[in-house]
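Undergrad: have a look; sequence and predicted model below, questions after that.
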Amino acid sequence: MDLRTLARYRDRIETDLRANVLPFWMERVVDGERGTFHAGLSNDGTLNDAQPRGSLLTSRILWTYASAYRTYRDDDYRLMADFAYRDLEQRFWDNEHGGYVWSIHPDDRWARDRKQVYAQAFAIYALTEYHGATGRSEPLVRAQELFQMLERRTIDLEFGGYLEAFARDWSPINDMRLSETDQNDPKSQNTLLHVLEAYTNLVRVWPEAAAKAALGRLIDVMLHHVVDPKTHHLGLFFARDWTVKSDRISYGHDIEASWLLWEAVEALGDKAKKARMLPLVLAIADVTLAEGCDEDGSVFNAGGPEGVSDNTKEWWPQAEAMVGFLNAARLSGEDRYVAAALRSWDFIETRLIDRVHGEWFRGVDQAGAVLPDFEKVGFWKCPYHNGRAELEAIARLTAVGAF
């Protein structure tokens, strides 16, 4: 593909990252008076601090600004990462039982003190990135502690994999759902994928035998139980014995998994696993292109055996598609994946970037109209998906063109 075209896309993406996304969270979401973050922000900029705030949001902010600081060495990004690290440690860490609680009230009292494995995974992901960016030892020590806690308390010893959630003291609970829209099953692709992501980053900064062994086992779980070898979609929910409990498809998770699985085998350095993973990664990208993408290059939210079942388009599948297709392009050398990635960016630039109030809208309908009930900042709306996608795209496009 023409290098001048790639350079223009790279520059457009970097402009949005550094002039829009990263400044937005520093200027609009930091609550300087209370030394924390605002819990919610509507599309028009109206604050909502009455709702609970999750450790997940803070972890994702921490990862984003640590990664941005590692890339650009901008002191403002370092200060934002420091701020998020303090918020995570002071407000969400459980000194008695260990682990990070799920959410807090506006007055900093814990709202839900359960230990959701998904939240612990994002904390490891953020802490290891912060350590790698700054060299601070305490975040790595905390990530190691949390890793050992997950390995000791959350693994299904009979069937393998990680269970979804536990009480504050790590005892079993009946309701393990990640959110009200999720099924109440003991294992989910979403949690497993993000433990994989976290352990990949852990191995990069702490390549000890225990961490590498855990990552290798989890790669095997994804290959043997989560990815369907016939359809190349990922299952969403599972019984303990890996019986699939849903026929729904999340196209965004599929394409996100395609590149995170490759990152995992690269970090592990296992040649046999890489050889097995390569055709699978490309097959997942292909099925996303064939079944999950609209004519304008955007990614639908969900589907099933009958085809697309949710034609709305949230911000995060578009972000993950851009990276997933660029990853497939690097592995295959095929320009069609580059074209798919650039179409993802065209859709983002045209439909999702908010030119008036900043950041990206959370989602649009199939016609491209902004979904009005979605917030700009909230429990799930964060800078991690789009910030990471832009950082990844900039790096990958730069590597191709050596600009």
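TA: That came through, no problem. Every value quoted in this text rests on a predicted model; they were computed, and no experiment measured them.
Undergrad: where are the low-confidence patches of the chain?
TA: With pLDDT under 70 as the threshold, the chain has low-confidence stretches at 402-403.
Undergrad: which residue ranges of it form strands?
TA: Assignment of strands within the chain using DSSP state E yields the ranges 30-31, 36-37, 53-54, 103-104, 110-112, 115-116, 165-166, 187-188, 237-238, 249-250, 302-304, 307-310, 313-314, 363-364.
Undergrad: hey, which of these is tucked in deepest?
TA: Ranked by mean neighbour count under mean count of other Cβ atoms under 10 Å, the strands of the chain are led by strand 187-188, which reaches a mean of 28. Where C-beta positions appear, they are placed from N, C-alpha and C, glycine not excepted.
Undergrad: if we can go back for a sec, in JSON lines, list the strands of the chain along with distance to residue 334.
TA: Rendered in JSON lines, the data for those read as follows (distance: least, Cβ to Cβ, whole Å):
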{"stretch": "strand 30-31", "distance to residue 334": "43"}
{"stretch": "strand 36-37", "distance to residue 334": "41"}
{"stretch": "strand 53-54", "distance to residue 334": "39"}
{"stretch": "strand 103-104", "distance to residue 334": "43"}
{"stretch": "strand 110-112", "distance to residue 334": "45"}
{"stretch": "strand 115-116", "distance to residue 334": "39"}
{"stretch": "strand 165-166", "distance to residue 334": "41"}
{"stretch": "strand 187-188", "distance to residue 334": "32"}
{"stretch": "strand 237-238", "distance to residue 334": "33"}
{"stretch": "strand 249-250", "distance to residue 334": "24"}
{"stretch": "strand 302-304", "distance to residue 334": "24"}
{"stretch": "strand 307-310", "distance to residue 334": "25"}
{"stretch": "strand 313-314", "distance to residue 334": "25"}
{"stretch": "strand 363-364", "distance to residue 334": "29"}
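Undergrad: quick one: closest of those strands to residue 19.
TA: The minimum distance between residue 19 and these falls on strand 30-31, with 17.8 Å, by Cβ to Cβ.
Undergrad: other residues contacting the closest one?
TA: Contact partners of strand 30-31, identified using Cβ atoms under 8 Å, 6 or more residues apart in numbering, comprise 37-38, 49, 80, 83.
Undergrad: of the residues you listed - the most surrounded one?
TA: Note: the member of the contacts of strand 30-31 with the most neighbours is residue 80, at 24 neighbours, neighbours being other Cβ atoms under 10 Å.
Undergrad: was I right about it contacting residue 27?
TA: No - checked against Cβ atoms under 8 Å, the pair residue 80 and residue 27 is beyond contact range at 10.5 Å.
Undergrad: from the contacts of strand 30-31, which land in helices?
TA: By the criterion of DSSP state H, membership of those in helices covers 80, 83.
Undergrad: the strands of the chain: which one's closest to residue 4?
TA: Checking the strands of the chain against residue 4 by Cβ to Cβ gives strand 313-314 as the closest, at 29.1 Å.
Undergrad: the closest one: partners in the sheet, and parallel or antiparallel?
TA: The sheet places strand 313-314 alongside strand 363-364 (antiparallel), with pairing taken from DSSP bridges.
Undergrad: any residues touching stretch 323-341, and which ones?
TA: The list of residues contacting stretch 323-341 from outside it, by Cβ under 8 Å, 6+ apart, reads 1, 6, 255-256, 258-259, 262, 278, 281-282, 284-285, 288-289, 293, 297, 321-322, 344, 388-389, 392-393, 396-397, 399-400.
Undergrad: okay, buried residues for that stretch please.
TA: For stretch 323-341, a neighbour-count test (16 or more other Cβ atoms under 10 Å) marks 323-332, 337-338, 340-341 as buried.
Undergrad: what of stretch 41-55?
TA: 41-43, 52-55.
Undergrad: what residues does it touch?
TA: Under Cβ under 8 Å, 6+ apart, the answer for stretch 41-55 is 28-29, 31, 36-40, 88, 91-92, 100-106, 111-112, 119, 122-123, 354, 357, 361, 370, 372, 374-379.
Undergrad: let's see it at 6 Å
TA: The set of residues external to stretch 41-55 that reach it, using Cβ atoms under 6 Å, 6 or more residues apart in numbering, is 38-40, 92, 100, 103-106, 111, 119, 357, 375-377, 379.
Undergrad: chain center to that stretch, what's the gap?
TA: 20 Å (Cα atoms, centre = their mean, to the nearest Å).
Undergrad: what about the closest residue to residue 22 other than its chain neighbours, how many neighbours?
TA: Ranked by Cβ to Cβ, 6 or more residues apart in numbering and with sequence neighbours excluded, the top spatial neighbour of residue 22 is residue 68, at 5.9 Å. Around residue 68 there are 27 other residues, counting by other Cβ under 10 Å.
Undergrad: overlap in contacts of residue 80 and residue 27?
TA: Between them, residue 80 and residue 27 share no contacting residue under Cβ under 6 Å, 6+ apart.
Undergrad: follow-up on the earlier one: and which of the buried residues of stretch 323-341 is nearest residue 76?
TA: Sorting those by how near they are to residue 76, with Cβ to Cβ, puts residue 323 at the top with 24.6 Å.
Undergrad: how much space separates that closest one from residue 340?
TA: Between residue 323 and residue 340 the distance is 11 Å, computed by Cβ to Cβ, to the nearest Å.
Undergrad: between the strands of the chain, which gets nearest to residue 384?
TA: The closest approach between residue 384 and any of the strands of the chain, judged by Cβ to Cβ, belongs to strand 53-54 at 12.5 Å.
Undergrad: name every strand pairing with that closest one and say which way it goes.
TA: Here, using DSSP bridges, strand 53-54 pairs with strand 103-104 (antiparallel).
Undergrad: mind checking how far the strand it pairs with is from the chain centre?
TA: Its chain's average C-alpha position is 20 Å from that of strand 103-104, according to Cα atoms, centre = their mean.
Undergrad: show me where the stretch 201-350 of the chain has helices.
TA: Listed from the start of the chain, the stretch 201-350 of the chain has helices (DSSP state H, counting those that start in this stretch) covering 209-221, 251-268, 271-287, 315-332, 335-347.
Undergrad: same thing with the stretch 1-150 of the chain?
TA: Taking DSSP H, counting those that start in this stretch, the helices of the stretch 1-150 of the chain run over residues 3-16, 22-24, 55-72, 75-92, 117-134, 137-153.
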